[in-house]
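Asker: fold the following.
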Amino acid sequence: MQTSLPRLAFAGIGLMGLPMCQRLLAAGYPLIVWNRSPEKCAPLVALGAQQVQTPAELCAQTDIILLCLADTQAVREVMFAEQGIAQAITETQLLVDFSSIEPAATREMGQRLFDTNGTLWLDVPVSGGVGGAEAGSLAMMAGGDANALAQVTPVLQHLGQRITHMGPVGAGQVAKVCNQMLVACNALVIAEVVALAQQAGVDAALLAPALAGGFADSKPLQILAPQMAKREFTPVKWHVRTLLKDLDMAVKLSQNHNSATPMSGLAAQLMRTHAAQGYLAADPATLIKLYGGDS
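Answerer: Presented below is the predicted three-dimensional model:
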């Protein structure tokens, strides 16, 4: 006898949230959605999702509430502000946060939710970008109760190719900080490499295929180097502000644990310089402008 699918709710219909929700709807899950800018829910409503007006309403007749929000403050507001999720969620439901936020804040909010509502919090930040969200090939780093993770794994498998339980609540966010340190530093070095190749008279568009499969290869190289070489900055697939936010979290986490992160600290400074020049909402491919002599 086939069991019914869990009823899902999703807050945060952005660059990542939209394709994730589209995949969940395609898999047949009943889905309720909310976004701070309501019009962004329209494509999902057209596919059969139900839209609500407040985060608290996401909890009505749902089993799993999923978040994919911009930063720690956004998660805190959606969870605990007036008409927030914590006003209505119960111990029979599960909270899954795909956002990339501060590990300490995640632990604090997870404990607060459990103490007041009896609800288990799973932090499951993702890596793979919009392309990975569209293809269902995201890498997922999970923190929280192992049994709760097992309950939501069938849902997560529609979104990711790999789900790794990293430890208790907050451990997933620590893993994501480490992920973003690698991604952001890589992006900055790729910009240096493309600029140097071009200034030395080499066709930088050949770099990604030339280095494919070697020790220098990476997904950021294959994505960013061609964009940087051609100065293709749209459509925006991810944001400079996201990498800056994550680098700042890396520096803060390293300070809290007395762990040296000089490369990530320098990367944060360079990313902040670029953001201050008007590129906060731009694609990281625009980092070439730091080095390429672009106006």
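
Asker: residue boundaries of the helices in the stretch 101-250 of the chain?
Answerer: In the stretch 101-250 of the chain, the helices defined using DSSP state H, counting those that start in this stretch lie at 103-117, 129-135, 146-156, 171-199, 207-211, 219-230, 240-256.

Asker: neighbouring contacts of the first one?
Answerer: By CB atoms under 8 Å, 6 or more residues apart in numbering, the list of residues contacting helix 103-117 from outside reads 72, 75-76, 79-80, 86, 89-91, 95, 97, 119-121, 123, 143-144, 169-174, 177, 249, 253, 256. For the C-beta atoms, the positions are set from N, CA and C on the backbone; glycine is no exception.

Asker: of those, which belong to strands?
Answerer: 95, 97, 120-121, 123, 143 (DSSP state E).

Asker: could you dump the helices of the stretch 101-250 of the chain to a markdown table with mean neighbour count?
Answerer: What follows is the helices of the stretch 101-250 of the chain, written out as a markdown table (neighbours: other CB atoms under 10 Å):
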| stretch | mean neighbour count |
| --- | --- |
| helix 103-117 | 18 |
| helix 129-135 | 18 |
| helix 146-156 | 16 |
| helix 171-199 | 21 |
| helix 207-211 | 17 |
| helix 219-230 | 20 |
| helix 240-256 | 20 |
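
Asker: so which of those is nearest residue 31?
Answerer: For the helices of the stretch 101-250 of the chain, proximity to residue 31 was assessed by CB to CB; helix 146-156 is nearest, at 10.7 Å.

Asker: what helices or strands is that closest one leaning on?
Answerer: Contacts defined by 3 or more CB pairs under 8 Å, 6 or more residues apart in numbering; DSSP states H and E place helix 146-156 against strand 94-97, strand 120-123, strand 160-167.

Asker: mind putting those strands in CSV, mean neighbour count and distance to residue 225 included?
Answerer: Shown next, in CSV, are those (neighbours: other CB atoms under 10 Å; distance: least, CB to CB, whole Å):
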stretch, mean neighbour count, distance to residue 225
strand 94-97, 26, 32
strand 120-123, 26, 32
strand 160-167, 17, 23
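
Asker: could you dump those strands to JSON lines with mean pLDDT?
Answerer: As requested, the helices and strands packed on helix 146-156 are exported to JSON lines (pLDDT from 0 to 100):
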{"stretch": "strand 94-97", "mean pLDDT": "98"}
{"stretch": "strand 120-123", "mean pLDDT": "98"}
{"stretch": "strand 160-167", "mean pLDDT": "97"}
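
Asker: could the ones you listed go into TSV alongside distance to residue 105?
Answerer: TSV is the format used below for these (distance: least, CB to CB, whole Å):
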stretch	distance to residue 105
strand 94-97	11
strand 120-123	10
strand 160-167	17
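
Asker: what stretches of this protein score poorly on pLDDT?
Answerer: Along the chain, segments meeting pLDDT under 70 span 1-3, 295.

Asker: need phi/psi at the residue in it sticking out farthest from the centre.
Answerer: Distance from the centre of the chain peaks at residue 201, with 36.8 Å (CA atoms, centre = their mean). When read as degrees, to the nearest 10, the backbone of residue 201 gives phi 90, psi 20.

Asker: what is the burial count for residue 202?
Answerer: Here the count is done by other CB atoms under 10 Å, and residue 202 has 13 residues near it.

Asker: now do residue 68
Answerer: Look at residue 68: counted by other CB under 10 Å, it has 25 neighbours.

Asker: much appreciated, bye for now.
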